[in-house]
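> Predicted structure and sequence below. I'll ask about it afterward.
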Amino acid sequence: MAKLTKQDVLKKAEELKNWGKWGPDDELGVLNYVRPQDIVNAAQLVKKGKIFRLGLNLDENGPQRGIFGGRWNPLHQMLATGTDAIAGKHDVTPGLRYADDAINLPTQAATQWDALSHVFIGEQMWNGYSAALVDCKGAHKNGIEKFADKMVGRGVLLDVARYKQVACLQDGYPITVADLDGTAKAQGVTVRRADFVIIRTGQMEDRLQKGEWGGYAGGDAPGLAFETLDWIHAKQLAAMCSDTWGIEVRPNASGPDVFQPWHWVTIPAIGIVHGEIFYLKDLAEDCAADGVYEFFFCAPPLVITGGTGSPINPQAIK
């Protein structure tokens, strides 16, 4: 198969571009597809009162040890401890002994949302805003805080690994439209407008079982093929999520002048955000057991003013 060129990627971005669809000032992208009635309908999916957390632990054992530099695993530091209290260090103000702590982490260290300011195409980001609007003070347009009350709706798990009858898809396996449609059909679930679609490849579970992340962060991975962009656009989804570092297949099916070509189209052109590094083991097992692959999904970001991403602990409720 011929490698995608930069021109191929730019052409596809132009074909699927949603700029201006919701007006010149829009900063929500395809989240505009989610209507109040969609959320009401999603709430009706709660039948068992069973909650699945989809967030990876925030600790120093996280995945940021691959080939992609610039990010580190969360650093947890204690500012005040119980041993301090017992030693009398808090007794300057009698009657209050306490513990305090702090964390230091990139916003995309573990389970997280990308904001629409995270990826540029050329010198622009979502809806045609200049990339220069993301500066040392953060994103002045398309910041993650715009999603603070928006990441709620119908979640759908597409367990592609289980559909393909493997524990984990092979690194470099491109998930096609046929795979997505085949998985949905086998599961008896229909992907609809405004859905938060979550793809399971099994890669995270494989790494956790082995006790070694390897090149998970930025290395080879199963993931969505470039052709799925048309499917995502046509389905009018609210978000795409997966249990991998970057959702799309790696190595990318592109030449050396394009890194993460799928990202070039999804975030800045279509206006769809990514939920990455999702922990899916428990949810997938429950879905396989009861045959129900839809659920109420809630995953608000931290309200980070001007953030290009945010740590999250998504909840799937059945």
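Received, thanks. Numbers count the residues shown, from 1 in each chain.
> May I have the longest strand along the chain exported as PDB, CA atoms only?
Looking across the chain with DSSP state E, the single longest strand is strand 152-159. Taking C-alpha atoms only, strand 152-159 is exported to PDB below (Å, rounded to 0.1, in the frame of the first residue of the first chain):
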ATOM      1  CA  VAL A 152     -21.800  13.600  28.900                       C
ATOM      2  CA  GLY A 153     -23.900  11.300  26.800                       C
ATOM      3  CA  ARG A 154     -24.300   7.800  25.300                       C
ATOM      4  CA  GLY A 155     -21.100   5.800  25.400                       C
ATOM      5  CA  VAL A 156     -20.600   2.800  23.100                       C
ATOM      6  CA  LEU A 157     -17.700   0.300  23.500                       C
ATOM      7  CA  LEU A 158     -16.500  -1.300  20.300                       C
ATOM      8  CA  ASP A 159     -14.500  -4.200  21.500                       C
END
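> for the very next helix or strand once past it, packing partners?
Where DSSP states H and E defines the elements, the next helix or strand beyond strand 152-159 is helix 160-163. For helix 160-163, the packing partners by 3 or more Cβ pairs under 8 Å, 6 or more residues apart in numbering; DSSP states H and E come out as helix 177-187, strand 196-200. For every residue, glycine as well, the C-beta is placed using N, CA and C.
> Swap in 10 Å and give it another go.
helix 177-187, strand 196-200, helix 203-210, helix 281-290 (3 or more Cβ pairs under 10 Å, 6 or more residues apart in numbering; DSSP states H and E).
> which other residues reach that helix?
Applying Cβ atoms under 10 Å, 6 or more residues apart in numbering, the contact partners of helix 160-163 are 166-169, 173, 175-176, 179-180, 182-187, 199-203, 205-206, 222-224, 242-243, 280, 284-285, 287-288.
> chain center to it, what's the gap?
Its chain's average C-alpha position is 19 Å from that of helix 160-163, according to Cα atoms, centre = their mean, to the nearest Å.
> Could you check it and say which residues are buried?
Buried positions in helix 160-163, judged by neighbour count with 16 or more other Cβ atoms under 10 Å: 160-163.
> Can I get that helix as PDB, trimmed to CA atoms?
Taking C-alpha atoms only, helix 160-163 is exported to PDB below (Å, rounded to 0.1, in the frame of the first residue of the first chain):
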ATOM      1  CA  VAL A 160     -12.500  -4.900  18.300                       C
ATOM      2  CA  ALA A 161     -10.000  -7.200  20.000                       C
ATOM      3  CA  ARG A 162     -12.800  -9.500  21.300                       C
ATOM      4  CA  TYR A 163     -14.500  -9.400  17.900                       C
END
